[in-house]
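In: could you look at this predicted model? Sequence included:
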There are 2 protein chains.
Amino acid sequence: LGAIESTVSQLIPHLKPETILTDVGSVKGPIVHAIAPLWPNFVGGHPMAGTAESGLNAAQRHLFVDRPYVLTPTSATPPAIASTLATLVKQLDAHLYECSPNDHDRAVAWISHLPVMVSASLIRACSQEADPHILQLAHQLASSGFRDTSRVGGGNPELGTMMAHYNRAELLHTLQLYRHQLESLTTLIEQNRWADLENVLSKTQSARTQFAST
Amino acid sequence: LGAIESTVSQLIPHLKPETILTDVGSVKGPIVHAIAPLWPNFVGGHPMAGTAESGLNAAQRHLFVDRPYVLTPTSATPPAIASTLATLVKQLDAHLYECSPNDHDRAVAWISHLPVMVSASLIRACSQEADPHILQLAHQLASSGFRDTSRVGGGNPELGTMMAHYNRAELLHTLQLYRHQLESLTTLIEQNRWADLENVLSKTQSARTQFAST
């Protein structure tokens, strides 16, 4: 994310005017805001595929098949340009979504950037356990539930930081709502309101199914 | 968890005095405290295996192989009884751990009960998104990162409630430390302290590897 604008600036002197540019950054508002004035034939893109690995050795055949690929054309984007990129994305057998850069950033704050902070906080909290015997036992007993919940918090630190930096306002908004929910669940436990807690957990169980269809 | 004590009370009139009892509840302090006075030949147990399914149809061959199995004998437990159960657990090819009921409960608060509340709060927070278009986009774009982080928060509501009920004090302790970590990460983002944030995420990346070895 931090290198996209300067890379485009260096590319521009070498491009024919009809060249179409896109990017693969995981935040779109600031990128589109910076690049569109430099190059009118630009459409922001975000293919949601890949692994924690990077570099050429991490290349994968069929990387984009059945994965979401977001394009963020704006009212200033020439329609033919957006259409050409949409065709290309479909040829990758990716699932194409088109939305505004800001809508993209708000949606990924929920499903990608907030989970990193939630998950990293879990790892940090566990590391605060003062009794080394308990901490060792926790390490030994941690199973798939803990590993799943902590996975994205143990991801690439530079990427996590860049996402927070470039999507700061939306991430802070989701963090605030998250904290309210955490406090509300904590209050139910403090007040021994077990029927209410079970009711909440029933709702989260059914709400999650809507996110888990792919 | 809620049925163990009454089940044991109903069983006792039918048992020979040398019968060894154990249980498979996911909280140990209150269970051992309730059952040990009723039946001296009792050892608390917690096999950490299984799926979200329940009932006889969910039975699995080799369910316990290479999974943690905690036994919680106390100073009041006859040593021969603990030893017999340890032998049985090893014959299942499970990984045996022995600790006090309270140490067990504190460790699983970190790696099992806290993650449920952290993850459920994530699902609840996302559901607060007021714009249905953004919420739909979030559903469409949610990938493995979100699904992993939200998985345990979408689990069995009755089990989650029972765990919170029976391990209330330890869970509240971990929730308090978790909230501090969440607030500290949020502050770094609010104050644009990106080098500090990357430093924290580097530490969570390396701390997580200690939990992920099995």
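Out: Received it, and whenever you're ready, just let me know what you need.
In: shaky segments in chain A?
Out: Chain A contains residues with pLDDT under 70 at A:212-214.
In: show me the strands in it, by range?
Out: Using DSSP state E, the strands of chain A run over A:21-22, A:42-47, A:68-72, A:95-98.
In: just tell me which of the ones you listed ends up closest to chain B.
Out: Of all these, the one in closest proximity to chain B, counting by CB to the nearest CB, is strand A:68-72 (5.0 Å). No exception for glycine: its C-beta is placed from N, CA and C like everyone else's.
In: now the angle from that closest one to strand A:42-47?
Out: Interaxial angle, strand A:68-72 versus strand A:42-47 (axes from the mean of the first three to the mean of the last three CA atoms, to 10 degrees): 160 degrees.
In: which residues touch the biggest helix by length in chain A?
Out: Scanning chain A for the helix with the most residues, using DSSP state H, yields helix A:168-190. Here helix A:168-190 makes contact (CB atoms under 8 Å, 6 or more residues apart in numbering or on different chains) with A:105-106, A:109-110, A:113-114, A:117-118, A:163-164, A:193, A:196-197, A:200, B:117-118, B:120-122, B:124-125, B:128, B:164, B:168, B:171-172, B:175, B:178-179, B:182-183, B:186, B:189-190, B:192.
In: what subset of these is buried?
Out: Neighbour counting with 16 or more other CB atoms under 10 Å in any protein chain shown marks A:105-106, A:109-110, A:113-114, A:117-118, A:163-164, A:196-197, A:200, B:117-118, B:120-122, B:124-125, B:164, B:168, B:171-172, B:175, B:178-179, B:182, B:186, B:189 as buried within the contacts of helix A:168-190.
In: identify the residue nearest the most centrally placed residue in chain A in space, chain neighbours excluded?
Out: When CA atoms, centre = their mean is applied to chain A, the residue found nearest the centroid is A:Ser112 (3.0 Å). Leaving aside its chain neighbours, A:Ser112 sits nearest to B:Gly145 (6.0 Å; criterion: CB to CB, 6 or more residues apart in numbering or on different chains).
In: please apply the same query to A:Gly45.
Out: Excluding the flanking residues, the one nearest A:Gly45 by CB to CB, 6+ apart is A:Thr22, at 4.3 Å.
In: isn't that neighbour up against A:His46?
Out: No - using CB atoms under 8 Å, A:Thr22 is not in contact with A:His46, being 9.7 Å away.
In: tell me how many other residues crowd the closest residue to A:Ser54 other than its chain neighbours.
Out: The shortest distance from A:Ser54 to any non-neighbouring residue, by CB to CB, 6+ apart, is to A:Asn156 (7.9 Å). Neighbourhood size, A:Asn156 [other CB atoms under 10 Å in any protein chain shown]: 18.
In: residues contacting A:Asn156?
Out: Going by CB under 8 Å, 6+ apart, A:Asn156 touches A:52, A:54, B:205.
In: let's see that with 10 Å instead.
Out: For A:Asn156, the contacting residues are A:52-54, A:116, A:162-163, B:198, B:201-202, B:205, by CB atoms under 10 Å, 6 or more residues apart in numbering or on different chains.
In: of A:Thr22 and A:His46, who's got more company?
Out: When A:Thr22 and A:His46 are compared for neighbours, A:His46 comes out ahead with 25 against 21, by other CB under 10 Å.
In: so that one is in contact with B:Leu137, correct?
Out: No - counting by CB atoms under 10 Å, B:Leu137 is not a contact partner of A:His46; they are 11.6 Å apart.
In: show me whatever sits in contact with both of those two.
Out: Common contacts of A:His46 and B:Leu137 (CB under 10 Å, 6+ apart): A:68, A:70, A:97, A:104, A:108.
In: narrow these to just the buried residues.
Out: Buried by 16+ other CB under 10 Å: A:68, A:70, A:97, A:104, A:108, out of these.
In: near chain B, from these?
Out: Residues of those in contact with chain B (CB under 10 Å from any CB of the partner chain): A:68, A:70, A:97, A:104, A:108.
In: quick one: which of the residues you listed is nearest A:Leu88?
Out: Set against A:Leu88, the nearest of these by CB to CB is A:Val70 (13.6 Å).
In: now the closest one: closest residue in space, sequence neighbours ignored.
Out: Of all residues not flanking A:Val70 in the chain, A:His46 sits nearest, at 4.4 Å (CB to CB, 6+ apart).
In: again, but for A:Arg67
Out: Leaving aside its sequence neighbours, A:Arg67 sits nearest to A:Ala49 (CB to CB, 6+ apart; 3.9 Å).
In: ok, that neighbour - contacts?
Out: By CB under 10 Å, 6+ apart, the contact list for A:Ala49 reads A:24, A:60, A:62-69, A:92, A:94, B:143.
In: in PyMOL, select just the buried ones from those residues.
Out: A single PyMOL command selects the buried members of these (16+ other CB under 10 Å):
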select buried, (chain A and resi 64+67+68+69+92+94) or (chain B and resi 143)
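In: can I get the contacts of A:Ala49 in JSON lines including distance to A:Pro79?
Out: Below are the contacts of A:Ala49 laid out as JSON lines (distance: CB to CB, whole Å):
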{"residue": "A:Val24", "distance to A:Pro79": "22"}
{"residue": "A:Gln60", "distance to A:Pro79": "32"}
{"residue": "A:His62", "distance to A:Pro79": "30"}
{"residue": "A:Leu63", "distance to A:Pro79": "28"}
{"residue": "A:Phe64", "distance to A:Pro79": "23"}
{"residue": "A:Val65", "distance to A:Pro79": "27"}
{"residue": "A:Asp66", "distance to A:Pro79": "27"}
{"residue": "A:Arg67", "distance to A:Pro79": "25"}
{"residue": "A:Pro68", "distance to A:Pro79": "22"}
{"residue": "A:Tyr69", "distance to A:Pro79": "19"}
{"residue": "A:Leu92", "distance to A:Pro79": "21"}
{"residue": "A:Ala94", "distance to A:Pro79": "20"}
{"residue": "B:Ser143", "distance to A:Pro79": "29"}
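In: just the buried ones from the contacts of A:Asn156?
Out: Among the contacts of A:Asn156, the ones that count as buried by 16+ other CB under 10 Å are A:116, A:162-163, B:198, B:201, B:205.
In: make a markdown table out of those residues and add distance to A:Thr84.
Out: Converted to a markdown table, the buried ones among the contacts of A:Asn156 look like this (distance: CB to CB, whole Å):
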| residue | distance to A:Thr84 |
| --- | --- |
| A:Val116 | 33 |
| A:Met162 | 28 |
| A:Met163 | 28 |
| B:Glu198 | 37 |
| B:Leu201 | 37 |
| B:Gln205 | 39 |
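In: cheers, nothing more for now.
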